[in-house]
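>>> Task: produce atomic coordinates for the following.
(one chain, ligands or ions: 1)
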Amino acid sequence: MDLAFKPVDNAILTEYFTNIFRHGYIQVKGITLPKRFLDFHDVIKNFTVYDDDLWICSFPKSGTTWTQEMIWMIANDLNFEEGKKCMGDRFPFLDYEFLFDYTRVRDKIEAFDPPVYFEHSVNFIQNLRRPRLIKTHLPWFLLPEQIQSGEKRPKIIHIARNPRDVCLSYFHHCKLFEGYTSHLDHFTQLFLTGNVSYAPYWTNVLSYWEKKSELNFLFLKFEELKSDLAGAIRRVATFLCKQLTDNEVSRLAAHLSFENMKTNKGTNYASLIDLHRRHNLVCEEGTFIRTGETGSYKLRYPQELSTQFDEWVKSGDVDHKMGY
Ligand code: A3P
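Below is the predicted model of the structure:
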């Protein structure tokens with residue numbers, strides 16, 4: 001594996017996916033990331049981990065927030081009242097600080113005031129009260145050294161999703177949230193060539209798939225949550241060593257329904273989308289929790305793109321492993 005940092009020189013990225021809070025991209029160990037990661041590589045490598053942490057690690061748009069809400073509720077004995085707080089506060093996102101570099105925004109807009117759990121996410125998480133719940137989209141080989149070496153063995157949950165649905169969802173997300181300004185076709189080309197943040201998809205996801213039989217690991221799939229949410233709740237509860245009655249499982253399943261998550265201010269990141277909109281950082285309309293479907297890519301990809309995607313999935317001999 002290539003250990004060097006490499007600048008990413010891609011015309012689509014440069015023209016349509018750089019902006020006031022995204023200044024360019026690099027590759028680290030083969031993974032595309034915003035340039036700002038360079039300032040955080042060592043910090044994350046040396047990040048102090050505890051055995052009682054719980055990490056959710058996933059490729060973006062794989063159902064991370066859905067799973068986070070499930071984990072948080074189980075870990076906090078279905079405390080629906082406390083659960084009204086923003087997910088970013090309850091179950092913070094380690095990477096926020098290097099995905100969104102607000103330095104220039106702050107220089108320009110005095111009133112710009114994102115919550116500390118976004119703007120200084122790494123430090124915020126480092127000082128969280130234990131047991132900590134932590135979200136990241138980094139692959140296994142960019143996690144803190146203490147995890148990779150096995151010195152610390154926090155629980156790790158990975159959620160994967162069909163990459164065709166991921167790509168479509170990521171396209172909308174990047175327009176809504178990260179300032180991407182071109183069309184789906186361009187975005188798909190970026191995705192298939194490993195030129196969006198956290199890609200190549202397979203390299204990232206397979207780095208967790210390979211660990212899935214370890215005792216501190218749980219590997220979930222978006223499609224399983226869709227087809228049997230109650231079953232997924234039970235699996236997660238068992239993994240967290242928590243007991244839930246049938247009634248609690250039903251109440252939690254209702255709480256985790258698409259309709260409920262979409263209107264729940266604790267999970268729909270509406271305040272953050274609004275922050276970007278209010279300051280004209282991103283002007284796209286939409287919602288974080290969008291359609292929550294599996295297979296809707298079939299309606300959106302023209303045949304040619306679909307075929308290209310199928311060939312990409314087949315190449316690399318990985319389709320049989322993940323069932324996608
Ligand atoms: P879509 O954009 O396809 O709708 P992540 O949290 O990893 O960013 O993933 C976001 C995706 O999960 C979005 O997919 C979102 O709608 C979907 N999602 C979130 N909560 C859901 C739920 N309760 N049921 C189904 N899908 C959900």
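
>>> how close does the most centrally placed residue in the chain get to residue 211?
Centre of the chain computed as the mean C-alpha position; nearest residue by Cα atoms, centre = their mean is residue 60, 3.5 Å away. Relative to residue 211, residue 60 is positioned 19 Å away (Cβ to Cβ, to the nearest Å). For every residue, glycine as well, the C-beta is placed using N, CA and C.

>>> for residue 23, same thing?
Counting by Cβ to Cβ - residue 23 and residue 211 are separated by 33 Å.

>>> now do residue 95
Residue 95 sits at a distance of 19 Å from residue 211 (criterion: Cβ to Cβ).

>>> Who has more neighbours out of the two?
Applying other Cβ atoms under 10 Å to residue 95 and residue 211 shows that residue 95 carries more neighbours, namely 23 against 15.

>>> and that one, backbone torsions?
Per-residue torsions, residue 95: phi -80, psi -10 (degrees, to the nearest 10).

>>> One more: residue 215?
Taking degrees, to the nearest 10, you get phi -60, psi -30 for the backbone angles of residue 215.

>>> for residue 245, same thing?
In terms of degrees, to the nearest 10, the main-chain angles of residue 245 are phi -80, psi 170.

>>> where's it relative to residue 238, distance?
14 Å.

>>> Just the buried positions in the strand or helix carrying residue 123, please.
Assigned by DSSP states H and E, residue 123 belongs to helix 121-126. Buried residues in helix 121-126, counted by 16 or more other Cβ atoms under 10 Å: 121, 122, 124, 125.

>>> How about stretch 74-89?
For stretch 74-89, by 16+ other Cβ under 10 Å, it's 74, 75, 78, 83, 86, 87, 88.

>>> mind checking the end-to-end distance for that stretch?
Stretch 74-89 has an end-to-end distance of 17 Å (Cα to Cα, to the nearest Å).

>>> Please verify my assumption that residue 91 contacts residue 71.
Yes - with contact defined as Cβ atoms under 8 Å, residue 91 counts as touching residue 71 (7.3 Å).

>>> What residues does the stretch 51-200 of the chain have near the ligand?
Neighbours of the ligand within the stretch 51-200 of the chain, by Cβ under 6 Å from any ligand atom: 58, 60, 61, 62, 63, 64, 65, 66, 165, 169, 172.

>>> residue boundaries of the helices in the stretch 101-250 of the chain?
Using DSSP state H, counting those that start in this stretch, the helices of the stretch 101-250 of the chain run over 103-108, 116-119, 121-126, 145-148, 163-177, 184-192, 201-209, 222-227, 229-239, 246-255.

>>> Fine by me, we can end here.
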